[in-house]
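J.: Predicted structure and sequence below. I'll ask about it afterward.
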Amino acid sequence: MDTKILKPDDESLAEAKRIIEGGGLVAFPTETVYGLGANAFNEDAVKSIYLVKGRPQDNPLIVHVHKGYDITRIVCDIPDYALKLAEKFQPGPLTIVLKSKGTVSPVVSCGLDTIGIRVPSHEGAQRFLKAVDLPIAAPSANVSKHVSPVTAQHVYADLNGKIPLILDGGKCSGGIESTVLDCTGEIPCILRSGLITREMIAEVAGDCGVFVPKAGEKVRSPGMKYKHYSPNCRTMLFTYEERAKAVEEYIAQSSAGVKACLMCENSVAKEFDVKDVLLLGENGEQFAANLYDKLREGERCYELIIAVAPNERGGVMAGVMNRLTKACGG
Ligand code: TXA
Ligand code: MG
């Protein structure tokens with residue numbers, strides 16, 4: 001199969017609509033990462049997402065809709081606080097998990113009785129979702145466990161020959177996946193942290209929990225139990241406090257002939273004079289925007305990425321740390 005990369009325009013969107021209506025897959029840009037979309041009402045189309053990605057069968061997919069879409073066609077029992085959060089943060093990088101009405105294929109949420117709803121703000125995503133006017137089930141458009149794609153070229157590198165069309169909306173500005181928020185309880189509860197932070201949610205909803213799986217407890221967002229976001233090269237992760245040790249490691253590895261690099265915030269690169277460096281920026285938003293691009297650059301150019309965790313904690317850095325730990329830790 002030939003994989004076309006096209007800018008979203010009337011012609012490519014008409015083609016995207018034909019593919020989706022025919023049960024096929026289309027990769028599309030969002031403000032977080034690229035998605036790999038299928039008609040959420042078409043069970044075979046949804047199943048093919050799992051095949052193409054090599055995704056475990058118990059990791060549910062988020063359903064994407066355009067701004068004007070009436071979500072009561074697919075979910076029910078929406079609490080007041082969820083309406084407020086949707087009003088404030090959608091369109092945007094917030095996925096709201098609600099009770100399923102049962103109209104969407106159960107394959108989408110792997111048998112759970114809930115659905116994650118996302119309204120991406122990226123103009124290309126909105127145009128695509130409007131053109132098809134269907135709820136679109138979509139995970140990130142990477143091979144399962146690999147680094148999420150933030151450019152059309154990243155999608156192509158992973159899925160060339162496996163899907164017919166990638167809509168190219170440029171580089172994603174957000175850079176890490178949406179915050180996944182369980183809205184089926186008394187108060188909202190973060191299942192996956194992201195650009196919409198706990199502080200931002202609590203301000204609107206009055207309160208916000210964070211789900212921390214305890215040993216032996218059933219995970220509520222099955223995606224959390226898998227290795228994720230990993231580059232195809234060796235990695236090491238040091239805390240900010242251990243940054244001098246990270247630099248020592250870089251020097252030792254380089255002298256031993258290993259093509260190594262340091263991935264860190266700008267100030268750390270300035271503090272130590274390191275030649276091979278992947279700069280993540282100066283604050284949470286910049287870290288998020290750069291992380292996946294730098295991990296992919298790292299695996300292309302080096303054998304070993306030595307990452308230094310950010311100095312700052314909380315806010316957007318909570319989501320960044322979650323991804324960095326899964327990509328480079330362990
Ligand atoms: O920003 C994003 O969210 C991107 C773009 C493409 O929208 N999508 C994305 O999808 O990151 P994916 O499949 O890579 O991650 C979806 C996450 C998984 O951790 C999954 O377990 C969780 O959302 N999830 C989906 N539906 C759920 C549900 N009904 N209940 C609990 N967790 C759910
Ligand atoms: Mg993913």
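T.: That came in fine, so what should we check first? Note that this is a predicted model, so its numbers are computed, not measured. Residues are numbered from 1 along each chain as shown. Ligands and ions are numbered 1, 2, ... in the order given.
J.: so where's the stretch 151-300 of the chain uncertain?
T.: 215-227 (pLDDT under 70).
J.: Now do the helices in it.
T.: Here the stretch 151-300 of the chain has its helices, by DSSP state H, counting those that start in this stretch, at 152-159, 198-205, 243-255, 266-271, 284-301.
J.: If we go by neighbour counts, what in the shortest one is buried?
T.: Read it as helix 266-271. 268-269 (16 or more other C-beta atoms under 10 Å). Every C-beta, even on glycine, is put in place using the N, C-alpha and C of the backbone.
J.: Same question for the longest one.
T.: Applying a neighbour-count criterion of 16+ other C-beta under 10 Å, the buried positions in helix 284-301 are 284-299.
J.: if we can go back for a sec, tabulate the helices of the stretch 151-300 of the chain (a markdown table), appending distance to E31.
T.: What follows is these, written out as a markdown table (distance: least, C-beta to C-beta, whole Å):
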| stretch | distance to E31 |
| --- | --- |
| helix 152-159 | 15 |
| helix 198-205 | 15 |
| helix 243-255 | 31 |
| helix 266-271 | 24 |
| helix 284-301 | 10 |
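J.: out of those helices, which comes closest to V277?
T.: V277 lies closest, by C-beta to C-beta, to one member of these: helix 266-271, at 4.9 Å.
J.: what's next to that closest one, contact-wise?
T.: In this structure, residues lying in contact with helix 266-271 by C-beta atoms under 8 Å, 6 or more residues apart in numbering are 240, 243, 262, 277, 279-282, 308, 311.
J.: which residue sits closest to the residue nearest the centre of the chain in space, ignoring its chain neighbours?
T.: The C-alpha lying nearest the average C-alpha coordinate of the chain belongs to E177 (C-alpha atoms, centre = their mean; 2.7 Å). Closest residue to E177 apart from its sequence neighbours, by C-beta to C-beta, 6 or more residues apart in numbering: T32 at 5.2 Å.
J.: For A38, give me its contacts.
T.: 20, 23-25, 45-46, 48-49, 136-138.
J.: Pick the one among the buried residues of helix 284-301 closest to F128.
T.: Y292 (20.9 Å).
J.: so the closest one makes contact with V150?
T.: Yes. Assessed by C-beta atoms under 8 Å, Y292 is found in contact with V150 at 4.9 Å.
J.: Can you check which residues contact both of the two?
T.: 33, 175.
J.: which residue packs closest to I78, ignoring adjacent ones?
T.: According to C-beta to C-beta, 6+ apart, the nearest residue to I78 is L98 (5.8 Å).
J.: ugh, wrong one, I meant F238
T.: A246 (3.9 Å).
J.: Quick one: residues contacting the one you found.
T.: 236, 238, 262, 264, 306-308.
J.: Need the max-distance pair from those residues.
T.: Among the contacts of A246, M236 and C264 lie farthest apart (C-beta to C-beta), at 12.0 Å.
J.: anything in contact with each of these two?
T.: With C-beta under 8 Å, 6+ apart, M236 and C264 have common neighbours 246, 307.
J.: quick one, which of those two is more surrounded?
T.: Set M236 next to C264 and count neighbours by other C-beta atoms under 10 Å: C264 wins out with 29 against 18.
J.: quick one: that one and E282 touch, right?
T.: No. Using C-beta under 8 Å, C264 is not in contact with E282; the gap is 11.2 Å.
J.: Quickly list what's touching both of these two.
T.: With the criterion set as C-beta under 8 Å, 6+ apart, the contacts of C264 and E282 do not overlap.
J.: Alright, calling it a day.
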